[in-house]
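S.K.: please find the sequence and the predicted model below.
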Amino acid sequence: MTFVSASITAIFSTKIDRDPKKAGSYGVGFTVDMGVEARASEREGVFLNGERVSFPTVEHVLERLGGKGVDLRTRLPVSCGFGVSGASALATAVEISLQKGLNLPFFRLADIAHEAEVVNRTGLGDVVTQSFGGIVARVRPGSPSKSRVERFLSRAEVDFLVLGQMSTKEVLGDEVKRRSINQAGKKRLKEFLKKPSLENLFVQAKKFSLESGLADDEIVDVIEAVESRGGLASMVMLGRSVFALNGKGAFEEFGGDSFSARITGCSVRL
């Protein structure tokens, strides 16, 4: 069994390229101690929490590595900004390599998972963050082996509120949205790197969520409710979800599902 952490993106800007290894994103994200478990299977196809599903990103990995099937388990919501597709792709790549005795280097497997995300438009930077673990600033975009990152560690517990789904494919496919996202993302990454603390990550992430136009009125209301109680909060990219420090009390005012997880520096476990 292979476990890969969820990846929460706080700030990002995109780099689109025909070569998946060169495509990716600038930005900042972090991994937590919840994620996806993958187990290689003799059953053909992808099974998520016991049910067979259409999962093109993971199917791409199986095809590249000659895998037959995989069983995935997660307690995280899908399409809500937790990098489930990236975690599933990376966990599947590692698991199939081990099952088949391929002995492929880790970053080659990570590049395959990243390629699967890019080709299927389910993510641009999650696999990079998941490959390194901790708080990861992606300062040069690309696949895990081609990117350059600054990595920071933290023991913090983060609270999450999930309000709904958001389509990564739709957002990344909108050129006007992507232009405003890229402008805000590069600026906020630069400001974070001037003072790379957890507190400043929340400050810059909130500014990014507003400047990019991604945060809707309900998301803004949740962020302000957390801040009114002395906490810090911002929007999970890309999902209708909020991450916060000391946010539990404020979350009670809103609907949706809430939970907590700790930032982890070890993202991949066998």
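M.R.: Good, I have the coordinates.
S.K.: and the helix or strand of the chain with the lowest mean pLDDT, what does it pack onto?
M.R.: Within the chain, confidence by mean pLDDT, DSSP states H and E is lowest for helix 168-172 among all helices and strands, at a mean of 73. Using 3 or more C-beta pairs under 8 Å, 6 or more residues apart in numbering; DSSP states H and E, the elements in contact with helix 168-172 are helix 175-194. In this view, the C-beta of every residue, glycine as well, is placed from N, C-alpha and C.
S.K.: for the helix it packs on, what is the average pLDDT?
M.R.: Averaged across helix 175-194, the pLDDT comes to 92.
S.K.: buried ones in it, by neighbour count?
M.R.: 178, 181-182, 184-189, 192 (16 or more other C-beta atoms under 10 Å).
S.K.: rewinding a little: which residues does the least confident helix or strand of the chain contact?
M.R.: 14, 79, 121-124, 177-178, 181, 214, 238 (C-beta atoms under 8 Å, 6 or more residues apart in numbering).
S.K.: could I get the buried residues of helix 175-194 as a markdown table with distance to Asn200?
M.R.: Output for the buried residues of helix 175-194, formatted as a markdown table (distance: C-beta to C-beta, whole Å):
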| residue | distance to Asn200 |
| --- | --- |
| Arg178 | 25 |
| Ile181 | 20 |
| Asn182 | 21 |
| Ala184 | 16 |
| Gly185 | 15 |
| Lys186 | 16 |
| Lys187 | 14 |
| Arg188 | 10 |
| Leu189 | 12 |
| Phe192 | 6 |
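S.K.: from those, which two are the most distant?
M.R.: The most widely separated members of these, counting by C-beta to C-beta, are Arg178 and Phe192 (20.3 Å).
S.K.: so how far is Cys80 from the closest residue to Met237 other than its chain neighbours?
M.R.: In space, and not counting its chain neighbours, Met237 is closest to Thr9: 4.1 Å by C-beta to C-beta, 6 or more residues apart in numbering. Thr9 is 12 Å from Cys80, where distance means C-beta to C-beta, to the nearest Å.
S.K.: quick check: Met34 touching Ser260?
M.R.: No: applying C-beta atoms under 8 Å as the test, Met34 and Ser260 come out as separate, 9.4 Å apart.
S.K.: who's more crowded, the two?
M.R.: More neighbours surround Met34 than the other of Met34 and Ser260, with 19 against 13 (other C-beta atoms under 10 Å).
S.K.: pLDDT score for the more buried one?
M.R.: On the pLDDT scale, Met34 gets 98.
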